[in-house]
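**Q** With the input below, show me the fold.
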Amino acid sequence: MPAPDRVTYSFRLYIAGEAVNSAQALANLHALCREHLAGRCSIDIVDVFREPERALADGIFMTPTLLRLAPQPLRKIVGTLGDAQALMQVLDLPAPDGSAREES
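**A** Predicted coordinates for the structure are as follows:
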């Protein structure tokens, strides 16, 4: 298994056109990737207005919704992704200082 700082992450963000919440989620995800996963992540953006079948195939009924596709297991979070600490915990991302998080 690669070291935690070398793991590559793959995300899919479902948005609803130009909605404010969708724009906030996209900006927050880009900021998280820039600050904590530089060069180690890819983001696939799916606009549910343009590609509703993709949303249905993944069981997405609310936007914005973020899927962490890799590494497995799949993780899902709904909302604007504004709380970076909570987002990192839900997505099981390494702590910024490299230390392991405590499990509750």
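**Q** Next, L67: phi, psi?
**A** According to degrees, to the nearest 10, the main-chain angles of L67 amount to phi -110, psi 130.
**Q** Might one say that T80 is in contact with P64?
**A** Yes: the criterion here is Cβ atoms under 8 Å, and T80 meets it with P64 at 6.6 Å. For the C-beta atoms, the positions are set from N, CA and C on the backbone; glycine is no exception.
**Q** So which of those two has more stuff around it?
**A** Between T80 and P64, P64 has the larger neighbour count (other Cβ atoms under 10 Å), namely 25 against 17.
**Q** The more buried one and V20 touch, don't they?
**A** No: applying Cβ under 8 Å as the test, P64 and V20 come out as separate, 10.3 Å apart.
**Q** rewinding a little: joint contacts of T80 and P64?
**A** N21, Q24, A25 (Cβ atoms under 8 Å, 6 or more residues apart in numbering).
**Q** you'd agree the first one is in a helix?
**A** Yes: if the criterion is DSSP: H, G, I helix; E, B strand; the rest coil, then N21 is within a helix.
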